[in-house]
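Novice: Dropping the sequence and predicted coords here.
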Amino acid sequence: MTGRFGSISAATAIAGTALLFAGLALAEEPAAPPLPWVHGPATAEIGPNLAEIQLSESYVFLDGDGTKRLMELTQNPVSGNELATVSPVAENENWFVVFEYDPIGYVKDDEKDALDADAMLASIRKGTEASNDERRERGWATMEIVGWHEPPHYDARTKNLSWAIIGSSSGHKTINRTIKLLGRRGVMTATLVASPDELVAAIPLVDQLIDGYRFKPGSTYAEFVPSTDKLAEYGLTALVVGGAGAALVKSGLLAKLWKPIAVGIAALGAGVKRLLFSGRKVHDSVEGSVG
């Protein structure tokens, strides 16, 4: 299995969650062209014939290839499941949301009233310890899980599972908020990457963005056909502690593989921020569909 924000070797063990942690300053500004941000207003396609999101003029969009470049620039191994990134246009707002998809099948939500936040947090911490071995090999700073900012919560109406977790690296804290969007054949993950100072203002904006997200006809959760469609091997707890691609053992908590925690933007230098986000100002707005 390859993790959401880290394609790692089979030696990396213990379940974790899809996290993007800000807090690692890059030593130098990478020598690379600006990212190909596309301006709204637009209907941006997330994956071919899979999903789409409505964007106003206040947002810009990266496709899958651009998102993979963003992951590399923020010291994140690319898994191949990255489909899109959305970021606000305003230069003083440096948060972004990364979308990834895993075609694991239909995830039953029968665990919605039995989510054990304490057990999940303990498993995530074990996963972080395992991922730190990978980070050391790459010469990256290690990560620490501080605790929940928002324990896992499932919305039975929208079929969305969300949570927020506090992490720390190199003396910098950050909070990642993750939303799992359940579909007919798999799960879309939307991860908010933001510094603690930006989080409170960003969360309602991200919720508005997600209101404009939809699986395309034929891929919605309600269209699941029990007689023919694939059923996922695990449920909601595994989506939190192991990510959408982890094959959990029967305990429901431990997984074969864990993805490294990814690095976000809170402690990046001004030069790196310009590299990542200056392209938001140089691409023309695109009316209609983007994809």
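Specialist: It's in. Numbers count the residues shown, from 1 in each chain.
Novice: Look up the closest residue to residue 64, ignoring the ones flanking it.
Specialist: residue 83 (4.9 Å; C-beta to C-beta, 6 or more residues apart in numbering). Yep, even glycine has a C-beta here, placed from its N, CA and C like the rest.
Novice: what about the helices in the stretch 101-250 of the chain?
Specialist: For the stretch 101-250 of the chain, the helices defined by DSSP state H, counting those that start in this stretch occupy 117-138, 196-211, 236-241.
Novice: From the centroid of this structure, which residue is nearest?
Specialist: Geometric centre of the chain, nearest residue: residue 191, 3.1 Å, by C-alpha atoms, centre = their mean.
Novice: my guess is that residue meets residue 98, correct?
Specialist: Yes - between residue 191 and residue 98 there is a contact at 5.0 Å, judged by C-beta atoms under 8 Å.
Novice: rewinding a little: counting neighbours, what do you get for the residue nearest to residue 64?
Specialist: Other residues near residue 83 come to 22 when the count uses other C-beta atoms under 10 Å.
Novice: Can you give me the pLDDT of it?
Specialist: For residue 83, the model assigns a pLDDT of 96.
Novice: contacting residues for it?
Specialist: The contact partners of residue 83, by C-beta atoms under 8 Å, 6 or more residues apart in numbering, come to 46-47, 50, 63-64, 67, 99-101, 188.
Novice: mind redoing it with 7 Å?
Specialist: Residue 83 makes contacts with 46-47, 64, 67, 99-101, as judged by C-beta atoms under 7 Å, 6 or more residues apart in numbering.
Novice: so where's the stretch 151-291 of the chain uncertain?
Specialist: 243-291 (pLDDT under 70).
Novice: can you pull out the strands in it?
Specialist: For the stretch 151-291 of the chain, applying DSSP state E, counting those that start in this stretch gives strands covering 160-169, 172-182, 187-194, 213-215, 262-263, 289-290.
Novice: which intervals of the stretch 1-150 of the chain have sub-threshold pLDDT?
Specialist: 1-33, 75-77.
Novice: Generate the PyMOL command that creates a selection of the buried members of the contacts of residue 83.
Specialist: Remark: buried members of those, expressed as a PyMOL selection using 16 or more other C-beta atoms under 10 Å:
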select buried, resi 46+47+64+67+99+100+101
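Novice: and residue 236, which of the strands of the stretch 151-291 of the chain is closest to it?
Specialist: Nearest of the strands of the stretch 151-291 of the chain to residue 236, taken as C-beta to C-beta: strand 160-169 at 5.6 Å.
Novice: give the contact list for the residue nearest to residue 40 when sequence neighbours are not counted.
Specialist: Once flanking residues are discounted, residue 40 sits nearest to residue 55: 3.5 Å by C-beta to C-beta, 6+ apart. By C-beta under 7 Å, 6+ apart, residue 55 lies in contact with 40-42, 44, 61, 86.
Novice: Narrow those residues to those in strands?
Specialist: Mapping the contacts of residue 55 onto strands (DSSP state E) picks out 42, 44, 61, 86.
Novice: which residues does the third one bridge with?
Specialist: Right, the one you point to is residue 61. Note on residue 61: beta-bridge partners by DSSP bridges are residue 38, residue 86.
Novice: Let the chain start at 17 from now.
Specialist: Yep, numbering from 17; the last one is residue 77 now.
Novice: was I right about it contacting residue 52?
Specialist: No - the pair residue 77 / residue 52 is not scored as a contact, 9.6 Å apart, by C-beta atoms under 7 Å.
Novice: Tell me which of the two has more neighbours.
Specialist: More crowded of residue 77 and residue 52, by other C-beta under 10 Å: residue 77, with 27 against 15.
Novice: With residue 199 as the reference, measure out to the residue of the chain most remote from its centre.
Specialist: Most distant from the centre of the chain: residue 243, at 31.0 Å, with distances by C-alpha atoms, centre = their mean. The gap separating residue 243 from residue 199 is 18 Å, by C-beta to C-beta, to the nearest Å.
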